[in-house]
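[1] Below is the structure, and that's it, no one-letter string:
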C-alpha cells in the first residue's frame, strides 16, 4: 500500500464492516496489519470516542431496516402459503386416487378419507 506523504490520514482502526460512504479512509484492520508487518509505528494516532448508541443512531437506518425485514417476512410467508397449497393439492389427488382404486368402500367412507 502506498500512501501520499504530504497528506494526513485518519483511520478508524476499531470499526469494521461499515458502508463505504460511512468510512472514507482505508480499512483500519488492513492498515494495522501493514504497520505491524512493516514493524513501523504510526506517526500520529487519533482516538475518537463516542457513545455506542450515538454511533448506531448515525449509521443505522432503522426505518429502512424495518421495511426490508417486513418485505422479507412477507416473501417468506407467501412462499410458505404457496408450498402449503401445492402440498394440499397433491395430497387430495393422492387420496382421490386411493378412493378410485377402492371401489368396494362406501361413498361415506371415501368422503371421510378425503
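    Perfect, I can see it now. Bear in mind that the values here come from a model prediction, so they are computed numbers and not experimental data.
[2] From here on, just use CA atoms for contacts and neighbour counts.
    Fine.
[3] Give the residue spans of the chain that score low on pLDDT.
    1-3, 5, 8-32, 34-35, 38, 40-45, 104-105, 110, 113-114 (pLDDT under 70).
[4] can I see the domain layout of it?
    For the chain, automatic domain parsing gives the domain ranges 1-60, 61-114.
[5] Buried by neighbour count: which residues of the longest helix seen in the chain qualify?
    Assignment by DSSP state H gives helix 62-101 as the longest helix of the chain. For helix 62-101, burial by neighbour count (16 or more other C-alpha atoms under 10 Å) applies to 95, 96, 99.
[6] Roughly how far does the second one sit from residue 87?
    Going back to what we said before, that points to residue 96. Counting by C-alpha to C-alpha, to the nearest Å, the separation of residue 96 from residue 87 is 14 Å.
[7] and if you look at residue 74?
    The gap separating residue 74 from residue 87 is 20 Å, by C-alpha to C-alpha.
[8] and what of residue 109?
    22 Å.
[9] Kindly report the same for residue 80.
    In terms of C-alpha to C-alpha, residue 80 sits 10 Å off from residue 87.
[10] Kindly report the same for residue 73.
    Distance of residue 73 to residue 87, computed by C-alpha to C-alpha: 21 Å.
[11] Could you grab the helix/strand/coil label for residue 58?
    helix (DSSP: H, G, I helix; E, B strand; the rest coil).
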